[in-house]
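> Next one to model:
(one chain, ligands or ions: 1)
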Amino acid sequence: MLKQLQKLRLFPLVLFLVLGIGFHSKSQIIKKPIPDKLVVLTFDDAPASHYSVVGPMLKKYDFGATFFVCEFPPNSQDSSLYMNWRQIQALNTMGFEIANHTHTHANVSKLTKEEFNSQLSYIEDKCDSLGIPKPINFAYPGYGLNAQSLGFLEKKSYHFARAGGSRAYDPEHDHPYLLPSWATDETNKEEIFEALNMAKNGKVVILTIHGVPDLEHPWVNNPPELFEEYLIFLKQNNYQVISLRDLEDFVDFEMARKTISPDFKGKLNN
Ligand SMILES: [Zn+2]
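Below is the predicted model:
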């Protein structure tokens, strides 16, 4: 009888602790309230137009951005199609984030731990030799990923990793290694404008953008006029346009990684 009473008395305390810890960790993920109209721009694959068109245009509107670079086979050495490392270095000097998209645009779900390591290290070493800060963020080439890839990224101390999924990012529910994004192309203007309207109520919109234009991959081509139309819209409507590393002002990636379990059931590609 006494024991039962003790149990009953302890119950509210246990309940309080469980709920308290739950709420506590959730609020700790958010370091600063997410404002409405927060957009992250990410650029993939290092096509030449990221240096010649995108960098100067982003500067014109004073927007931040992340460039996920790789050496895209087989034409990565052709600087008329892809940026060379000096151009990537120049984007860093202009204030943009350089992040990791693997050495050879590899599908990381098919790599061993050693292969994944060397794919990441190649880009990290290149950056190091050119005075570019060590990449801390990652994007899955071709949206290929699995649970093991997330483990590798954690061992290499990456902060965020971007996938697809065509939906807004909810920092309290999405694992930091499964950031959703929309990919732009020349046919989905309406969808992208609708997407930009979803940057509200604690959610962030992340865009994945390839070449502006993209000569090698026409299915992800962005006409420069359309790209500038997005930038004008963002500017005129007072959006805050940032890089993935700037997201850390708002989101504690470590707390998010510890408290959110990755959900592989939803759509993860674009
Ligand atoms: Zn890519």
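> Report the central residue of this structure.
residue 162 (3.7 Å; C-alpha atoms, centre = their mean).
> ok so that residue is a helix residue?
No: counting by DSSP: H, G, I helix; E, B strand; the rest coil, one finds residue 162 to be strand, located in no helix.
> That one and the ion: what is the separation?
For residue 162, the distance to the ion (C-beta to the ion, to the nearest Å) stands at 10 Å. All C-beta spots, glycine's among them, are computed from the backbone N, C-alpha and C.
> try residue 206
Distance, residue 206 to the ion, using C-beta to the ion: 15 Å.
> residues contacting that residue?
Contacts for residue 206 (C-beta atoms under 8 Å, 6 or more residues apart in numbering) come out as 39-40, 42, 162, 169, 179-182, 244.
> Show me what the helix or strand where it lies pairs with in its sheet, parallel or antiparallel.
Here residue 206 sits within strand 205-209, counting by DSSP states H and E. Using DSSP bridges, strand 205-209 pairs in its sheet with strand 38-44 (parallel), strand 179-183 (parallel).
> quick one on the thing from earlier: the residue nearest to the centre of the chain touches residue 209, doesn't it?
No: using C-beta atoms under 8 Å, residue 162 is not in contact with residue 209, being 11.6 Å away.
> For the stretch 151-270 of the chain, give the residue positioned nearest to the ion.
With C-beta to the ion, the shortest gap between the stretch 151-270 of the chain and the ion falls at residue 210, namely 7.3 Å.
> For that residue, the count of nearby residues, please.
Applying other C-beta atoms under 10 Å, we find 22 other residues in the vicinity of residue 210.
> what pLDDT does it get?
If you check residue 210, the pLDDT there is 97.
> okay, now the closest residue to it other than its chain neighbours: neighbour count?
The shortest distance from residue 210 to any non-neighbouring residue, by C-beta to C-beta, 6 or more residues apart in numbering, is to residue 220 (3.8 Å). Other residues lying near residue 220 total 20 when counted by other C-beta under 10 Å.
> same question, residue 96
Residue 96: 24 neighbours (other C-beta under 10 Å).
> Derive a ChimeraX selection command for the buried subset of the contacts of residue 206.
The ChimeraX selection below is limited to those of those classed as buried (16 or more other C-beta atoms under 10 Å):
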select :39,40,42,162,169,179,180,181,182,244
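> Next, format the contacts of residue 206 as TSV and append pLDDT.
Output for the contacts of residue 206, formatted as TSV (pLDDT from 0 to 100):
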residue	pLDDT
39	98
40	98
42	98
162	98
169	98
179	98
180	98
181	98
182	98
244	98
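> Could you export the strands paired with strand 205-209 as CSV, including distance to the ion?
Output for these, formatted as CSV (distance: least, C-beta to the ion, whole Å):
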stretch, distance to the ion
strand 38-44, 4
strand 179-183, 10
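> Export those to TSV and append columns for distance to residue 130.
Below are these laid out as TSV (distance: least, C-beta to C-beta, whole Å):
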stretch	distance to residue 130
strand 38-44	18
strand 179-183	26
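> Just to check, residue 185 is in contact with residue 223?
No: between residue 185 and residue 223 there is no contact under C-beta under 8 Å: 9.8 Å.
> Name the residue in those two with the higher neighbour count.
Neighbour totals were compared for residue 185 and residue 223, and residue 185 leads with 20 against 14 (other C-beta under 10 Å).
> Next, the contact list for the more buried one, please.
Residues counted as contacts of residue 185 (C-beta under 8 Å, 6+ apart) are 210, 219-222.
> ok, now with 10 Å
The neighbourhood of residue 185, defined by C-beta atoms under 10 Å, 6 or more residues apart in numbering, consists of 191-192, 209-210, 214, 217-223, 226, 270.
> What of residue 270?
143, 163-166, 180-185, 188, 208, 220.
> Please report the distance of it from residue 180.
9 Å (C-beta to C-beta, to the nearest Å).
> can you check residue 124 too?
Taking C-beta to C-beta, one finds residue 124 at 25 Å from residue 180.
> Kindly report the same for residue 202.
Separation of residue 202 from residue 180 (C-beta to C-beta): 14 Å.
> quick revisit: out of the contacts of residue 185, which one sits closest to residue 116?
Distance to residue 116 across these (C-beta to C-beta) is lowest for residue 270, with 21.9 Å.
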